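Peer 1: Coordinates only, no sequence provided:
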């Protein structure tokens with residue numbers, strides 16, 4: 001109806017990306033905290049916010065009570081001794097505090113931020129860095145406004161734990177004229193590029209109403225969303241106004257004007273989801289971002305022998321090998337993400353399945369070659385010049401735009417359906433045996449490649465496909 005039209009949104013500008021929200025229904029699941037035995041195990045549960053987070057890499061469950069706890073056995077109904085306190089008394093200063101919000105970084109799980117209320121009513125934001133807890137409420141240049149506005153949430157750049165954002169509640173009211181005036185664009189969100197040593201007020205574009213939730217879109221170039229008392233806003237770092245880069249824009253097309261209590265992202269489906277006060281659950285497509293960032297491997301040889309969700313694209317750099325093994329191993333790639341194997345890098349899929357588990361499409365595997373060099377392997381089986389993919393022992397790729405591409409390509413908005421920039425990076429080595437390709441828009445693509453001549457003769461391409469199955473059920 002008309003009550004959902006964007007023209008009735010208050011406190012925000014024009015929409016970005018023309019994403020529309022839709023209502024979603026669902027039956028609440030059982031209380032996972034109670035199911036895990038945490039209510040019976042941790043003292044003072046009545047003081048706890050009960051915020052939970054499962055780290056996508058380690059699978060470890062974090063829970064915010066009067067201290068920050070974790071468990072590696074939370075999937076069972078009986079807890080073990082793995083629950084531990086993180087916040088030392090020397091930092092908290094009092095026996096019991098109430099954690100308001102916390103963030104555990106995606107790339108570096110040792111890096112954590114915790115916002116909490118002390119029992120005497122004071123508030124602090126602390127960070128775990130350099131192997132110790134540090135109070136970062138007061139930066140070198142300014143103090144966070146915790147004495148006037150409650151902290152509501154904290155989030156970090158998944159690939160850089162030094163980049164942290166903090167949101168605040170309360171109404172930003174000016175009483176200087178004797179009458180209350182709600183001030184916009186200040187004291188709503190603060191940002192630090194150096195883990196809290198310095199802070200910047202980045203509330204530009206936000207109304208003076210409470211900001212209840214903030215979340216960073218993994219794989220993006222600093223796209224963040226906030227849930228406020230009047231809708232959802234998205235950070236656009238490309239806007240330049242009054243000598244500063246970045247501004248919040250309204251992101252609430254077709255969303256009722258209501259309190260947004262919490263935001264979450266389903267990367268598998270590519271959806272931003274919002275919990276509202278009294279209006280149910282809503283979801284919207286994520287904002288398109290053509291310049292996606294990817295996570296690079298940090299060790300020369302890495303093995304995934306367990307199922308996991310991958311929310312960022314992965315780049316396998318020169319000299320590095322990623323092995324994904326095990327017939328029961330399922331790697332669920334987020335919508336539109338890819339795995340790119342750079343020249344001299346290697347990816348081995350040994351019996352595992354790469355898919356998107358939400359009936360969406362991921363971009364597939366990109367094997368980058370060097371058309372000016374040969375396809376020789378060294379004594380360790382590593383390519384001397386080309387990227388290399390090995391699939392064997394029942395390996396499977398499904399739900400991809402292009403399952404495998406021997407080239408250097410990229411996928412862009414609006415639908416990411418067709419690769420761009422193809423045709424000039426052939427030579428990547430693809431060795432496939434006893435593997436399956438299903439529900440992919442395209443199976444395998446090769447860019448042109450002519451191996452350098454040896455004694456006047458062109459050498460055979462080392463790529464091959466043996467004993468494999470390609471099926472394409474209807475989408």
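Peer 2: Happy to help now that I have it. These numbers come from a predicted model, not from an experiment. Numbers count the residues shown, from 1 in each chain.
Peer 1: Show the end-to-end separation of stretch 346-362, please.
Peer 2: 20 Å (CA to CA, to the nearest Å).
Peer 1: go on, stretch 357-368?
Peer 2: From start residue to end residue, stretch 357-368 stretches across 26 Å - CA to CA.
Peer 1: What residues does the residue nearest the centre of the chain make contact with?
Peer 2: Central residue of the chain (CA atoms, centre = their mean): residue 218, 2.7 Å from the mean position. Residue 218 sits next to 106, 158, 265, 267, 311, 312, 334 when contact means CB atoms under 8 Å, 6 or more residues apart in numbering. (Glycine included, C-beta is placed from N, CA and C.)
Peer 1: Repeat that for residue 360.
Peer 2: Per CB under 8 Å, 6+ apart, neighbours of residue 360: 268, 269, 270, 335, 399.
Peer 1: What ranges does the stretch 1-150 of the chain have for its helices?
Peer 2: 32-35, 38-41, 89-92 (DSSP state H, counting those that start in this stretch).
Peer 1: Quick one: mean pLDDT for the first one?
Peer 2: Mean per-residue pLDDT for helix 32-35: 38.
Peer 1: Dump the contacts of residue 360 to CSV, plus distance to residue 458.
Peer 2: As requested, those are exported to CSV (distance: CB to CB, whole Å):
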residue, distance to residue 458
268, 44
269, 46
270, 44
335, 40
399, 37
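Peer 1: From the residues you listed, pick the one nearest residue 428.
Peer 2: Nearest to residue 428 out of those is residue 399 (CB to CB; 22.0 Å).
Peer 1: re the thing from before, format the contacts of residue 360 as a markdown table; extra columns: secondary structure and distance to residue 303.
Peer 2: Shown next, in a markdown table, are the contacts of residue 360 (DSSP: H, G, I helix; E, B strand; the rest coil; distance: CB to CB, whole Å):
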| residue | secondary structure | distance to residue 303 |
| --- | --- | --- |
| 268 | coil | 23 |
| 269 | coil | 28 |
| 270 | coil | 28 |
| 335 | coil | 25 |
| 399 | coil | 23 |
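Peer 1: Check these for burial and list the buried ones.
Peer 2: 268, 269, 270, 335, 399 (16 or more other CB atoms under 10 Å).
Peer 1: Would you quantify the distance from the first one to residue 408?
Peer 2: Using CB to CB, to the nearest Å, one gets 26 Å for the distance from residue 268 to residue 408.
Peer 1: what does the strand or helix carrying residue 161 rub up against?
Peer 2: Remark: residue 161 resides in strand 160-168, with elements defined by DSSP states H and E. For strand 160-168, contacts defined as CB under 8 Å, 6+ apart pick out 103, 105, 107-108, 111, 113, 115, 125, 127, 129, 144-145, 149-157, 187-196, 202, 210-214, 216, 224, 226.
Peer 1: Next: stretch 269-276.
Peer 2: 21, 24, 215, 217, 225, 227, 232, 255-256, 258-266, 281-286, 334-336, 358, 360.
Peer 1: Just the buried ones from those?
Peer 2: 21, 215, 217, 225, 227, 232, 255-256, 258-260, 262-263, 265, 282-286, 334-336, 358, 360.
Peer 1: and those, which of them are in strands?
Peer 2: If you go by DSSP state E, those have 215, 225, 227, 232, 260, 262, 263, 265, 282, 283, 284, 285 in strands.
Peer 1: show me the contacts for the fourth one.
Peer 2: In this case it means residue 232. Per CB under 8 Å, 6+ apart, neighbours of residue 232: 21, 225, 226, 250, 251, 252, 255, 260, 263, 272, 274, 284.
Peer 1: got it, and the fifth one?
Peer 2: By CB under 8 Å, 6+ apart, residue 260 lies in contact with 212, 213, 227, 228, 229, 231, 232, 274, 275, 276, 277.
Peer 1: repeat that with 10 Å
Peer 2: Residues near residue 260 by CB atoms under 10 Å, 6 or more residues apart in numbering: 210-213, 225-233, 252, 274-277, 279, 282.
Peer 1: if I look at residue 454, how far off is residue 460?
Peer 2: From residue 454 to residue 460 the distance is 10 Å (CB to CB).
Peer 1: quick one: which of the contacts of residue 218 sit in strands?
Peer 2: Short answer: the contacts of residue 218 in strands (DSSP E) are residue 265.
Peer 1: just the contacts of residue 218 now: which is nearest residue 444?
Peer 2: Of all the contacts of residue 218, residue 334 has the smallest distance to residue 444: 22.0 Å, by CB to CB.
Peer 1: Is that closest one in contact with residue 219, as I believe?
Peer 2: Yes - using CB atoms under 10 Å, residue 334 is in contact with residue 219, at 7.1 Å.
Peer 1: Could you name every residue contacting both of those two?
Peer 2: 267, 286, 310, 311, 312, 313.
Peer 1: Now the two most distant members of those.
Peer 2: Applying CB to CB across the shared contacts of residue 334 and residue 219, the maximum distance is between 286 and 310, 15.8 Å.
Peer 1: what's the nearest residue to residue 261 if we skip its chain neighbours?
Peer 2: residue 275 (5.0 Å; CB to CB, 6 or more residues apart in numbering).
Peer 1: sec struct for the one you found, please.
Peer 2: Secondary structure, DSSP: H, G, I helix; E, B strand; the rest coil: residue 275 is strand.
Peer 1: Provide the partner residues of the residue lying closest to residue 227 once chain neighbours are set aside in its beta bridges.
Peer 2: What sits nearest to residue 227 in space, not counting adjacent residues and going by CB to CB, 6+ apart, is residue 260, at 3.0 Å. Here residue 260 sits in beta bridges with residue 276, going by DSSP bridges.
Peer 1: and residue 260, how far is that from residue 24?
Peer 2: From residue 260 to residue 24 the distance is 14 Å (CB to CB).
Peer 1: Residue 374 too?
Peer 2: Counting by CB to CB - residue 374 and residue 24 are separated by 53 Å.
Peer 1: Wait, residue 193 touches residue 141, no?
Peer 2: No - using CB under 10 Å, residue 193 makes no contact with residue 141, being 11.7 Å away.
Peer 1: shared neighbours of those two, anything?
Peer 2: 199, 200.
Peer 1: what about these two, which has more around it?
Peer 2: residue 193 (14 against 10; other CB atoms under 10 Å).
Peer 1: if I pick that one, what's in contact with it?
Peer 2: 157, 160, 162, 163, 164, 199, 200.
Peer 1: switch to 6 Å and redo it
Peer 2: By CB atoms under 6 Å, 6 or more residues apart in numbering, the contact list for residue 193 reads residue 163.
Peer 1: Residue 202 too?
Peer 2: By CB under 6 Å, 6+ apart, the contact set of residue 202 is 189, 191.
Peer 1: separation between it and residue 160?
Peer 2: Residue 202 sits 16 Å away from residue 160, going by CB to CB.
Peer 1: Repeat that for residue 177.
Peer 2: From residue 177 to residue 160 the distance is 42 Å (CB to CB).
Peer 1: Which of those two has more residues huddled nearby?
Peer 2: For residue 177 versus residue 160, the count of surrounding residues by other CB under 10 Å is larger for residue 160: 16 against 7.
Peer 1: Fine, thanks again, bye for now.
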